[in-house]
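In: Make a model of this:
(chains A and B)
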Number of protein chains: 2
Amino acid sequence: MKIAVLGGTGNEGFGLGYRWAMAGHEIVIGSRKQEKGARAAVDMLEKCPDGKISGTDNLSAAQQAELVVLSVPYWAQEGTLDAVKEALTDKLLITVVAPSGEKKSRVHHLESGVSAAEEAQAQLDGVTRVVAAFQNIGAHHLLDLNHQMDCDVLVCGDKKGDKAIAMQLCADAGLRGVNAGALQNARAVEGLTAVLIAINVIHKVKSAGIRVTGIN
Amino acid sequence: MKIAVLGGTGNEGFGLGYRWAMAGHEIVIGSRKQEKGARAAVDMLEKCPDGKISGTDNLSAAQQAELVVLSVPYWAQEGTLDAVKEALTDKLLITVVAPSGEKKSRVHHLESGVSAAEEAQAQLDGVTRVVAAFQNIGAHHLLDLNHQMDCDVLVCGDKKGDKAIAMQLCADAGLRGVNAGALQNARAVEGLTAVLIAINVIHKVKSAGIRVTGIN
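Out: Residues are numbered from 1 along each chain as shown, chains lettered A, B, ... in the order given. This next block holds a predicted model:
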């Protein structure tokens, strides 16, 4: 599958893109600036010489891709989606965005009263559908394929088929995706990111994560 | 320790009270009606004949206890705290309350924009301190001491010492408590309850839970 990773120059987007490239997907790294995207592609190709990897600006990346991953800081979400909206028609958008407040270790509700993922869905109403995933994954070990990531990915969305695609991408990245219900549930999943940051700080570790128990 | 469990006639409060009684704590079950509390105590004594267990109304229970656990439905939280407030001075309150919306499998933000635990803390401002814990624990297996519960308890509060007490109560109930940061983080932890209900429904199981990974 040809996947655009908008904000793919950041640690998490780059790490996921790398893992998907290694799994055989074609990756287009998007950035605000074409040159930055192209440079990140060169870096990724160094780590994955046989990969189909290119880099460009966010809009061109979205235009080329079959599926689009949004991996930008929350403050850039609305602007980025505005810039690429026309290219998103009927292309599933998987958002990785987890907003944070001033203190990253404290759960912060958005003024809208909903999740960043629901804000994205509202902005893309009539254009395409949004699935939330990878909010709680540390970028830390993504570049080390030998590292078995001890965490699950909670996947929230309103269509089962969309979540199945996201869960396949979890598997392709070496992670287990767990169907966690409606897109609305991203409210708690995004907040969990701050909880995990708090746990990292308190326990002096770098990659606290969660596993879902009691399911097969 | 002498522990009042307000709303201890409900499944989760009763189950926790039973486990604490078995661990040697003295339990006072509180209920809106004195007779209901007393009846629940008789039931608990049947399962734990050597336990120090009694039951009464919520206010009397709170008056007698050194530590108070709030285990009522969210809609009853404010009224219950109003009724017992005078007896809570400097007694740590551990709240188990996880509010839910109309659809229990969907994360629902409260109108206040904060967590139920923070609402409780605001109501008890100047009276005592609140810790949030046990929000994500299914009541299902609490009465079966041989059942090894495969889940952690996220403990949120603003004082380390308060959380240490709550974490000891987790251990006494056969569970691992994890310090999950400030009371504010209960916003995500309370929401996680709906996520786990969604996972139960989707995966056709009864006791999905979470484990924190990456810590010792």
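
In: Can you list the residue ranges for strands in chain A?
Out: Ranges of strands within chain A are A:2-6, A:26-31, A:52-57, A:67-70, A:93-95, A:130-132, A:152-155, A:176-179, A:209-213, based on DSSP state E.

In: how about the ones you listed in TSV, adding mean neighbour count?
Out: C-beta: built from backbone N, CA, C; applies to glycine. Converted to TSV, those look like this (neighbours: other C-beta atoms under 10 Å in any protein chain shown):
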stretch	mean neighbour count
strand A:2-6	27
strand A:26-31	28
strand A:52-57	21
strand A:67-70	26
strand A:93-95	27
strand A:130-132	29
strand A:152-155	27
strand A:176-179	19
strand A:209-213	21
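
In: Could you export those as JSON lines, including mean pLDDT and distance to chain B?
Out: Formatted as JSON lines, the strands of chain A follow (pLDDT from 0 to 100; distance: least, C-beta to the nearest C-beta, whole Å):
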{"stretch": "strand A:2-6", "mean pLDDT": "98", "distance to chain B": "25"}
{"stretch": "strand A:26-31", "mean pLDDT": "98", "distance to chain B": "27"}
{"stretch": "strand A:52-57", "mean pLDDT": "98", "distance to chain B": "29"}
{"stretch": "strand A:67-70", "mean pLDDT": "98", "distance to chain B": "20"}
{"stretch": "strand A:93-95", "mean pLDDT": "98", "distance to chain B": "16"}
{"stretch": "strand A:130-132", "mean pLDDT": "98", "distance to chain B": "11"}
{"stretch": "strand A:152-155", "mean pLDDT": "98", "distance to chain B": "7"}
{"stretch": "strand A:176-179", "mean pLDDT": "98", "distance to chain B": "5"}
{"stretch": "strand A:209-213", "mean pLDDT": "97", "distance to chain B": "4"}
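
In: TSV please, covering those and showing distance to A:A87.
Out: Formatted as TSV, the strands of chain A follow (distance: least, C-beta to C-beta, whole Å):
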stretch	distance to A:A87
strand A:2-6	9
strand A:26-31	10
strand A:52-57	11
strand A:67-70	8
strand A:93-95	11
strand A:130-132	15
strand A:152-155	24
strand A:176-179	25
strand A:209-213	33
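
In: And these: which comes nearest B:K52?
Out: B:K52 sits nearest to strand A:209-213 of all the strands of chain A, at 32.7 Å, using C-beta to C-beta.

In: Only C-alpha atoms, please: export that closest one in PDB.
Out: The C-alpha coordinates for strand A:209-213 follow below in PDB (Å, rounded to 0.1, in the frame of the first residue of the first chain):
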ATOM      1  CA  GLY A 209       3.100   1.300  27.700                       C
ATOM      2  CA  ILE A 210      -0.200  -0.600  28.200                       C
ATOM      3  CA  ARG A 211      -1.300  -4.100  27.300                       C
ATOM      4  CA  VAL A 212      -4.900  -5.100  27.100                       C
ATOM      5  CA  THR A 213      -5.600  -8.200  29.100                       C
END
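
In: Run through the neighbouring helices and strands of that strand.
Out: strand A:152-155, helix A:186-203, strand B:209-213 (3 or more C-beta pairs under 8 Å, 6 or more residues apart in numbering or on different chains; DSSP states H and E).

In: Report the separation between the two terminal residues of stretch A:50-65.
Out: Counting by C-alpha to C-alpha, to the nearest Å, you get 19 Å between the two ends of stretch A:50-65.

In: coming back round to it: got JSON lines for the helices and strands packed on strand A:209-213, with distance to A:K2 too?
Out: Compiled in JSON lines, the helices and strands packed on strand A:209-213 are given as follows (distance: least, C-beta to C-beta, whole Å):
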{"stretch": "strand A:152-155", "distance to A:K2": "21"}
{"stretch": "helix A:186-203", "distance to A:K2": "25"}
{"stretch": "strand B:209-213", "distance to A:K2": "33"}
